[in-house]
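**Student:** Have a look at this fold, sequence not included:
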């Protein structure tokens, strides 16, 4: 088994520069001809898309709340196959988890036995960074801090103070990144299109160029080289009948875990379609509407009457549908925009969704369906109303086991919920498919 560089980019706090420096490293390695597989700790959909902009490989989520340790190892190995380096972007602060450090970047580091590169925002600190580094080095002896990259360092003399702190604490310094104008990643709810995300390529290239000048990437790669991940052979029992899955994918619907799509593919054939642009549905056994930003394309969605009618007819005739978050909103009667204007949707369910008076609902979720359990994540600013005449199934709990009011709506063979469910194992996907009466 060959050895390749494998590392996690983490930080003491959020907003330290993890994402921009991760993107810069991914681009710098791509420029060197090093095929790198990115990953993202946690459930976020946005950063993995930026990973693809940086290195042409989409980031894969690794989440210890939603995934078993076995699934973590298998996902890590399978998506890293044939790559020359692996870069994992952490989430929040290194030890921040759902409960203390449970599910944190540090916890993932221990599961995969990978070194951590700490990104420290040094804008307003010099030698006083020493006790901070000492704490992160010694707090958990199972975590290997391979080295530090200092962010927002504007002079070489400033960096010397920081470097001396590293020497005294016994942590290598890989270098620093100066403050670079126009190198910021936008807010999580801007609804950037693929074309708009591609517009960040020059910014990422600028960061990569800066890193090559002031960060010792050769030393970083050397310190983080490990035995490559081991991939176990999976045995998947496919249905007797070859299934066709219709996957909604366009600017309004594209928030789906890569592993979910891979699980669908293991059980059948994938057929992609656009709820915004296409006029009719493909001939399939099941429709999957992932989340996204339908609220940014309401005029186009409403104008596409033929597609909305086709979806409603599919549902009324017993067609099987899984819909999450934005996909769930699409199946409702209407979506109300921020200005209070109503837009007609598919009317599979009688409820309406509104973006007016936005309030964030956020957190990990556990779904209990009889004896079956699914994990997922909830993240939305909209809310559903006029849902009194709907059928609800299952019970939903927070990461701290508090029962919640979030619902799974059911009508005929349609399943819809705000929760982005992790269905990345065939076993998990089969739970939902069997719930909808499919023989899998």
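**Tutor:** Perfect, I can see it now. All figures in this text were calculated on a predicted structure; none of them were measured in a lab.

**Student:** what's in contact with the helix or strand hosting residue 131?
**Tutor:** Assigning secondary structure by DSSP states H and E places residue 131 in helix 129-138. Taking C-beta atoms under 8 Å, 6 or more residues apart in numbering as the criterion, the residues outside helix 129-138 that touch it are 12, 94, 118, 120, 122, 125, 143, 145, 148, 150, 162, 165-166, 168-171. Backbone N, C-alpha and C define where each C-beta goes, glycine included.

**Student:** Average pLDDT for that helix, rounded please.
**Tutor:** Averaged across helix 129-138, the pLDDT comes to 98.

**Student:** ditto for stretch 97-104
**Tutor:** Computed over stretch 97-104, the average pLDDT equals 92.

**Student:** buried sites along it?
**Tutor:** Neighbour counts using 16 or more other C-beta atoms under 10 Å place 97, 98, 101, 103, 104 of stretch 97-104 among the buried residues.

**Student:** Of these, which is the nearest to residue 409?
**Tutor:** Within the buried residues of stretch 97-104, proximity to residue 409 (C-beta to C-beta) peaks at residue 98, which comes in at 25.7 Å.

**Student:** Could you check how far the closest residue to the closest one other than its chain neighbours is from residue 250?
**Tutor:** With C-beta to C-beta, 6 or more residues apart in numbering as the criterion, residue 98 has its nearest non-adjacent residue at 4.0 Å, and that residue is residue 399. Distance of residue 399 to residue 250, computed by C-beta to C-beta, to the nearest Å: 32 Å.

**Student:** Need the residues that contact stretch 83-90.
**Tutor:** 4-11, 18-19, 22, 25-26, 29, 34-41, 47, 51, 57, 59, 62, 76, 80, 105, 108, 112, 114, 116, 221, 229.

**Student:** How about residue 408, nearest residue that isn't a chain neighbour?
**Tutor:** Counting by C-beta to C-beta, 6+ apart, the nearest residue to residue 408 once its immediate chain neighbours are dropped is residue 417, at 4.3 Å.

**Student:** what's the domain layout of this structure?
**Tutor:** Under the assignment named as automatic domain parsing, the residue ranges that make up the domains of the chain are 3-227, 243-435.

**Student:** first to last residue in the longest one, what's the distance?
**Tutor:** Across domain 3-227, the straight-line distance between its terminal residues is 4 Å, by C-alpha to C-alpha, to the nearest Å.

**Student:** tell me the residue furthest from the middle of this structure?
**Tutor:** With distances taken as C-alpha atoms, centre = their mean, the residue sitting farthest from the centre of the chain turns out to be residue 157, at 38.4 Å.

**Student:** Checking my notes, it in a helix, right?
**Tutor:** Yes. Residue assignment for residue 157, taken from DSSP: H, G, I helix; E, B strand; the rest coil, places it within a helix.

**Student:** just to revisit the earlier point, report the buried residues of the helix holding residue 131.
**Tutor:** Buried residues in helix 129-138, counted by 16+ other C-beta under 10 Å: 129, 130, 133, 136, 137.

**Student:** isn't residue 24 right next to residue 208, touching?
**Tutor:** Yes. Because the distance of 4.8 Å satisfies C-beta atoms under 8 Å, residue 24 is recorded as touching residue 208.

**Student:** ok, residue 36 - contacts?
**Tutor:** The contact partners of residue 36, taken as C-beta under 8 Å, 6+ apart, are 26, 29, 30, 55, 57, 83, 84, 85, 86, 87.

**Student:** Out of the residues you listed, which two sit at the greatest distance?
**Tutor:** Checking the contacts of residue 36 with C-beta to C-beta, the most distant pair is 30 and 86, at 13.6 Å.

**Student:** higher neighbour count, these two?
**Tutor:** residue 86 (24 against 19; other C-beta atoms under 10 Å).

**Student:** Does the residue nearest to the more buried one when sequence neighbours are not counted belong to a helix, a strand or coil?
**Tutor:** The spatial neighbour of residue 86 that comes closest, neighbours along the chain excluded (C-beta to C-beta, 6+ apart), is residue 6 at 4.3 Å. Using three-state DSSP as the criterion, the local structure at residue 6 reads strand.

**Student:** so residue 6 makes contact with residue 114?
**Tutor:** Yes. Contact criterion C-beta under 8 Å: residue 6 and residue 114 qualify, at 5.5 Å.

**Student:** joint contacts of these two?
**Tutor:** Both residue 6 and residue 114 are in contact with 88, 224, 226, where contact means C-beta under 8 Å, 6+ apart.
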